[in-house]
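Trainee: got a structure for you, letters missing:
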């Protein structure tokens, strides 16, 4: 099994985005996906906590509020393992580009803010593939909260860390909990060499930085989508020669 | 200070141990070795002495048991994912059942413990350190009894008691041409793994080929010192009060 400490040696590329809710990372990764696809790359997108395997259990646990910091963490790890083995490693082995909205750093930041042992959660995810680039969208807590409260009517129980009994007010709890998550993210930037993007900049400015970093990481990589079995929409796709690697 | 409970690895920082009065006893052994029967007898005996008992078994958590059943039916999981499902189940039972019971002074009887997870995971040739790290939040038992059996004695027992099933035979591992061969090879490996762990983790090895009553006798001998110790730990003041109350009447 590969280890998270070392870079992977799979033919594909793995780019991931991280940041607290309201940092704008999902918008950025969608824009990145569009740009990569327009260049003819095969792109596979996956997001945190989305496998069917543990979704029902997580939902039930959340509803009953019976999740502890450790079961919460382990459920996400199970979900992640399932997605890694089915949706992340196969496309990487096939030489595709995989984009992940949130990755193991979400667990390292959130679960530790929730109280699990920082060493334990890192060992737990040791089976993960190290990304080629990990983008961290850094946003001040105040900005993130404003964005979130504007975007939706209600903050969810676990999102606000209400299970930690920090305070009875959900917005206050959210502020305290996400503040702790931010502190953990800050530690991860150096530990794992994350690429920090200032998430208060204009969206297109951020996207330009992201694309520049990705462009650099794709030097020497030229595995494009095969044209057979697909309608050729853009003329230059016909001339894209599959890599000989 | 009396010797307190310890975490197996990194532990739960938000849940310091130390004031756990109860005793944690793990019963390990391969499938079909007669664990549940022995636990039932042991429970009666412990309760007769006046101690409350909590039984807890593998994959019996409220949170996970349904998800695990569903996953087994589908047979679509990678082994690592399974190990994590088991770990989640265990964590749920540990935090919601085992630790609270130990706090309340119960004797907790665990039908299988983390060592079963280790044996199963190692068989699947995964990184041995990883699975031990994952279960680093477990509480180390006060006593681990390993019911040991050899493969020749085990096979007829399992067949008599309802036959071999897919998972107990490790069929996903393709260890043999048919169910019987697969079961045999799988259980041989499991016994080997348990034997290897016996010394490392300080198992009390009990010969499970003996008659039921004999096994039970040995089990009780191993358990007895834990219960006696508990009596000694009763504060003197408490004993006195009881005596004084009885005095005047």
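Mentor: Everything's here; your move. Note that the structure is a prediction, hence the values are computed from the model and not measured.
Trainee: So which bits of chain A are right by chain B?
Mentor: Along chain A, the residues adjacent to chain B under the rule CB under 8 Å from any CB of the partner chain are A:1, A:53-54, A:56-57, A:60-61, A:66-71, A:74-75, A:77-78, A:81-82, A:85, A:115-117, A:119-120, A:123-124, A:126-127. C-beta coordinates here come from the backbone N, C-alpha and C atoms, glycine included.
Trainee: Any of those residues buried? List them.
Mentor: A:53-54, A:57, A:60-61, A:66-71, A:74-75, A:77-78, A:81-82, A:85, A:115-117, A:120, A:123-124, A:126-127 (16 or more other CB atoms under 10 Å in any protein chain shown).
Trainee: which strands and helices sit next to the helix or strand bottoming out on mean pLDDT in chain A?
Mentor: Within chain A, confidence by mean pLDDT, DSSP states H and E is lowest for helix A:52-64 among all helices and strands, at a mean of 77. For helix A:52-64, the packing partners by 3 or more CB pairs under 8 Å, 6 or more residues apart in numbering or on different chains; DSSP states H and E come out as helix A:69-83, helix B:65-74.
Trainee: Switch those over to JSON lines; also include distance to residue B:82.
Mentor: Converted to JSON lines, the helices and strands packed on helix A:52-64 look like this (distance: least, CB to CB, whole Å):
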{"stretch": "helix A:69-83", "distance to residue B:82": "9"}
{"stretch": "helix B:65-74", "distance to residue B:82": "7"}
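Trainee: for those helices, which one sits closest to residue B:16?
Mentor: Judged by CB to CB, the one of the helices and strands packed on helix A:52-64 that comes nearest to residue B:16 is helix A:69-83, at 14.0 Å.
Trainee: Now residue A:65: phi and psi?
Mentor: The phi and psi values for residue A:65, taken as degrees, to the nearest 10, are phi 60, psi 40.
Trainee: which residues touch it?
Mentor: By CB atoms under 8 Å, 6 or more residues apart in numbering or on different chains, the contact set of residue A:65 is A:157, A:163.
Trainee: The one 3 residues further on now?
Mentor: Neighbour list for residue A:68: B:91-92, B:95-96 [criterion: CB under 8 Å, 6+ apart].
Trainee: what two of those are the furthest from one another?
Mentor: Maximum distance among the contacts of residue A:68 (CB to CB): 9.0 Å, for B:91 and B:96.
Trainee: Among those two, which residue is more densely surrounded?
Mentor: Remark: of residue B:91 and residue B:96, residue B:91 carries more neighbours, 27 against 16, as counted by other CB atoms under 10 Å in any protein chain shown.
Trainee: which secondary structure elements does whichever helix in chain A runs longest contact?
Mentor: In chain A, assigned by DSSP state H, the helix with the most residues is helix A:170-192. The contact analysis (3+ CB pairs under 8 Å, 6+ apart) places helix A:170-192 against helix A:104-114, strand A:133-138, helix A:141-151.
Trainee: what's the most buried one of the ones you listed?
Mentor: Ranked by mean neighbour count, those are led by helix A:104-114 with a mean of 24 (mean count of other CB atoms under 10 Å in any protein chain shown).
Trainee: so who does the residue positioned nearest the centre of chain A touch?
Mentor: In chain A, the C-alpha nearest the mean C-alpha coordinate belongs to residue A:102, at 1.6 Å (CA atoms, centre = their mean). Going by CB under 8 Å, 6+ apart, residue A:102 touches A:16-18, A:25, A:47-49.
Trainee: need the residues of chain B near chain A, please.
Mentor: B:9-14, B:62-64, B:66-67, B:71, B:77-78, B:80-81, B:84-85, B:87-88, B:91-92, B:95-96, B:126-127, B:130, B:133-134, B:136-137.
Trainee: can you rerun that using 6 Å?
Mentor: Residues of chain B lying near chain A by CB under 6 Å from any CB of the partner chain: B:10, B:13-14, B:63, B:67, B:78, B:80-81, B:84-85, B:87-88, B:91-92, B:95, B:127, B:130, B:133-134, B:136-137.
Trainee: show me what contacts residue A:44?
Mentor: For residue A:44, the contact set (CB atoms under 6 Å, 6 or more residues apart in numbering or on different chains) comprises A:91, A:96, A:98.
Trainee: what's the distance between the second one and residue B:50?
Mentor: So that's residue A:96. According to CB to CB, to the nearest Å, residue A:96 and residue B:50 sit 65 Å apart.
Trainee: hang on, residue B:80 packs against residue A:81?
Mentor: Yes - using CB atoms under 6 Å, residue B:80 is in contact with residue A:81, at 5.3 Å.
Trainee: and for those two, which residues touch both?
Mentor: Common contacts of residue B:80 and residue A:81 (CB under 6 Å, 6+ apart): none found.
Trainee: where do the helices sit along chain B?
Mentor: B:35-48, B:65-74, B:79-93, B:99-103, B:114-123, B:128-134, B:151-160, B:179-200, B:212-232, B:236-246.
Trainee: What strand or helix carries residue A:29?
Mentor: helix A:25-38 (DSSP states H and E).
Trainee: what about that helix, distance to the chain center?
Mentor: Its chain's C-alpha centre and that of helix A:25-38 lie 13 Å apart, by CA atoms, centre = their mean, to the nearest Å.
Trainee: Enumerate the positions of that helix that are buried.
Mentor: For helix A:25-38, the neighbour count (16+ other CB under 10 Å) marks A:25, A:28-29, A:31-33, A:35-36 as buried.
Trainee: Burial check on residue B:132, number of neighbours?
Mentor: The local packing of residue B:132 (other CB under 10 Å) involves 18 other residues.
Trainee: For chain B, see how far away the closest residue to residue A:103 other than its chain neighbours is.
Mentor: Excluding the flanking residues, the one nearest residue A:103 by CB to CB, 6 or more residues apart in numbering or on different chains is residue A:16, at 4.0 Å. Noted for residue A:16: a distance of 20 Å to chain B, by CB to the nearest CB, to the nearest Å.
Trainee: Show me what residue A:16 bridges to in the sheet.
Mentor: residue A:100, residue A:134 (DSSP bridges).
Trainee: wait, what's in contact with it?
Mentor: A:100, A:103, A:131, A:134.
Trainee: Out of the helices of chain B, which is closest to residue B:22?
Mentor: By CB to CB (comparing all of the helices of chain B), the closest turns out to be helix B:99-103, at 3.7 Å.
Trainee: List the contacts of that closest one.
Mentor: B:20, B:22, B:54, B:108.
Trainee: which two from these end up farthest apart in space?
Mentor: Maximum distance among the contacts of helix B:99-103 (CB to CB): 12.7 Å, for B:20 and B:54.
Trainee: And the helices and strands packed on helix A:52-64: which comes nearest residue B:228?
Mentor: Closest to residue B:228 of the helices and strands packed on helix A:52-64 is helix A:69-83 (CB to CB; 33.4 Å).
Trainee: what number of residues lie near residue B:150?
Mentor: Applying other CB under 10 Å, we find 13 other residues in the vicinity of residue B:150.
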